[in-house]
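when you get a sec, could you give me coordinates for this:
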Amino acid sequence: MAIRKPKTEKPDSKRGRAREMGRTVTFTFEMDPDLSQALEDCAKAESRTKRAIIVLALKKYMGDAGFWAK
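Residues are numbered from 1 along each chain as shown. Below you'll find the model as predicted:
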């Protein structure tokens, strides 16, 4: 019978989703149903997720306002 080695993991390595590793921040908000429908329609038309549409919109808005330089 073979002897199994115990699983080793690097002490500084984290596994999981980006939000579990601290690379994203969860944000929840309420929006008008008409805006929600517009977001849904936009996401379908561009073959993107609603999250992607919101991130793009926020980056553009923040960039235009001078708060986002990336």
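
can you check which helix is longest in this protein?
The helix that spans the most residues within the chain, counting by DSSP state H, is helix 50-65.

quick one: mean pLDDT for it?
What helix 50-65 shows for mean pLDDT is 95.

next, count neighbours for A38.
Applying other CB atoms under 10 Å, we find 13 residues neighbouring A38. To be clear about C-beta, it is placed using only N, CA and C from the backbone, and glycine gets the same treatment.

ok and the stretch of helix or strand it belongs to relative to helix 50-65, angle-wise?
Counting by DSSP states H and E, the element that carries A38 is helix 33-46. When axes from the mean of the first three to the mean of the last three CA atoms, to 10 degrees is applied, the directions of helix 33-46 and helix 50-65 differ by 100 degrees.

can you give the distance of helix 33-46 from its chain's centre?
Centroid separation between helix 33-46 and its chain, computed with CA atoms, centre = their mean, to the nearest Å, is 18 Å.

so which bits of it are buried?
A43 (16 or more other CB atoms under 10 Å).

now do that helix, average pLDDT.
Average pLDDT, helix 33-46: 96.

other residues contacting that helix?
Taking CB atoms under 8 Å, 6 or more residues apart in numbering as the criterion, the residues outside helix 33-46 that touch it are M31, R48, T49, K50, A52, I53, I54.

just the buried members of the residues you listed?
Burial by neighbour count, 16+ other CB under 10 Å: within these this picks out I53, I54.

nearest to I3 among the contacts of helix 33-46?
For those, the residue nearest I3 by CB to CB is T49; the value is 46.2 Å.

check contacts around the closest one.
When contacts are counted by CB under 8 Å, 6+ apart, T49 is found next to A43.

check the gap between it and D64 for me.
23 Å (CB to CB, to the nearest Å).
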